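Participant: I would like to see how this sequence folds:
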Amino acid sequence: MKRILSLPLLLLVMVMGIISARASELVKNNDSLTCRDVVEQIKQHVTCPWNDGETVDTFKAGNPDEKVTGIVTTMFATMDVLREAVKKNCNFIIAHEPLFYNHLDETDFQKDDPVYLEKLKYINEHHLVVWRFHDHWHRTNPDGIYVGMVRKLGWAKYRKGDSYIVFEFPETTLNDFAAQLKQKFPQGVIRVVGNPEMRFTGVGLAVGAPGPARQRQLLDRDDVQVVISGEAQEWETPEYALDATQQGRNKAFIMMGHVISEQSGMEYCAEWLSDFIMGLPIKFVPNKQPYWTPQ
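Facilitator: Model prediction:
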């Protein structure tokens, strides 16, 4: 006896068939997706206008028209990350920070440098492509780096209003708070300026290297007593925080290191890309902590 499907069930089967066919089509299409194609999709999915004229978000090495075998997101495309990408058969590296040791990735002044040349040789020999995703990842709403970091820190419930920058915590001491950060990021080198016994509730987050103006702007707020940042020149914000401490003011500054302060944002980037780039492996490769201290 031939079974007749009910109308709702028939519609469900048809919809699932369409979805399956669309997914197969996406996978098939992505067999020939180039690195340039991926960037064009990224441009369509950020929430900010794309500024091609003034941005560091450009291809830094390799042929943009290479077919993508897989994508790696990372903070810095170091030699270790490049080698790991090759192991994972991922030839497109999306990095948040520069490839060649300066903000604009200028290479003329180091064209004969052996470190630069060996890195470029490795990229070319393995048909890797490196593209930087910095400005527009910060400009999209909400800022992709801050979203990833707040998730990693577990601070969503402490956000002040809809901010990803200012947080209000139950009162604690600077020493206990710094210890919790160290527990969350055991591989990091966390440096603190301030009275360990200082009690506070307000925290400002300024990831990466935002500069002293941004750090001071946060630290000068009445509702912020502690600013956490990636890095700073020691004679700028750290010295200001030291003078404030020595004057008896309730202010402190914590440096987490540039990589640690932003890296979870590039882990989130891999997840974000997976929402609209189908049929390709997308992996996050973390950077190792570059600093060590003698025992």
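
Participant: And for Lys111, the neighbour number?
Facilitator: By other CB atoms under 10 Å, 9 other residues sit near Lys111. In this view, the C-beta of every residue, glycine as well, is placed from N, C-alpha and C.

Participant: hang on, I meant Lys160
Facilitator: When neighbours are counted by other CB under 10 Å, Lys160 comes out with 15.

Participant: so what pLDDT did it get?
Facilitator: The model reports Lys160 with a pLDDT of 96.

Participant: and the spatially closest residue to it that is not a sequence neighbour, how many neighbours?
Facilitator: Counting by CB to CB, 6 or more residues apart in numbering, Lys160 lies nearest to Val166, which is 4.4 Å off, once chain neighbours are set aside. Number of residues near Val166 (other CB under 10 Å) recorded here: 17.

Participant: Contacts only, for Val166.
Facilitator: By CB atoms under 8 Å, 6 or more residues apart in numbering, the residues touching Val166 are Arg159, Lys160, Gly202, Val203, Gly204, Leu205, Leu218, Arg221, Asp223, Val224.

Participant: a markdown table for these, including distance to Ala61?
Facilitator: Formatted as a markdown table, the contacts of Val166 follow (distance: CB to CB, whole Å):
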| residue | distance to Ala61 |
| --- | --- |
| Arg159 | 38 |
| Lys160 | 41 |
| Gly202 | 43 |
| Val203 | 38 |
| Gly204 | 36 |
| Leu205 | 32 |
| Leu218 | 35 |
| Arg221 | 41 |
| Asp223 | 44 |
| Val224 | 40 |
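
Participant: Just the buried ones from those residues, in ChimeraX syntax?
Facilitator: In ChimeraX, this line selects whichever of these come out buried by 16 or more other CB atoms under 10 Å:
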select :202,203,204,205,218,224
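
Participant: re earlier: pairing partners for the residue nearest to Lys160 in the sheet, please.
Facilitator: Taking DSSP bridges, one obtains Gly204 as the residues bridged to Val166.

Participant: now it: how far from Leu128?
Facilitator: 39 Å (CB to CB, to the nearest Å).

Participant: Also Phe76?
Facilitator: Distance, Phe76 to Leu128, by CB to CB: 14 Å.

Participant: So between the two, which is more surrounded?
Facilitator: Leu128 (22 against 18).

Participant: just checking, that one touches Arg83?
Facilitator: No: if you go by CB atoms under 8 Å, Leu128 and Arg83 don't touch, sitting 10.2 Å apart.

Participant: Mutual contacts of the two, please.
Facilitator: Common contact partners of Leu128 and Arg83 (CB under 8 Å, 6+ apart): Tyr122.

Participant: can you give me the helices for the protein?
Facilitator: 7-30, 35-45, 79-87, 114-125, 135-139, 144-153, 174-184, 212-219, 237-246, 258-274 (DSSP state H).

Participant: what's the closest of the ones you listed to Asn51?
Facilitator: Minimum separation from Asn51 across the helices of the chain (CB to CB) falls at helix 135-139, 7.4 Å.
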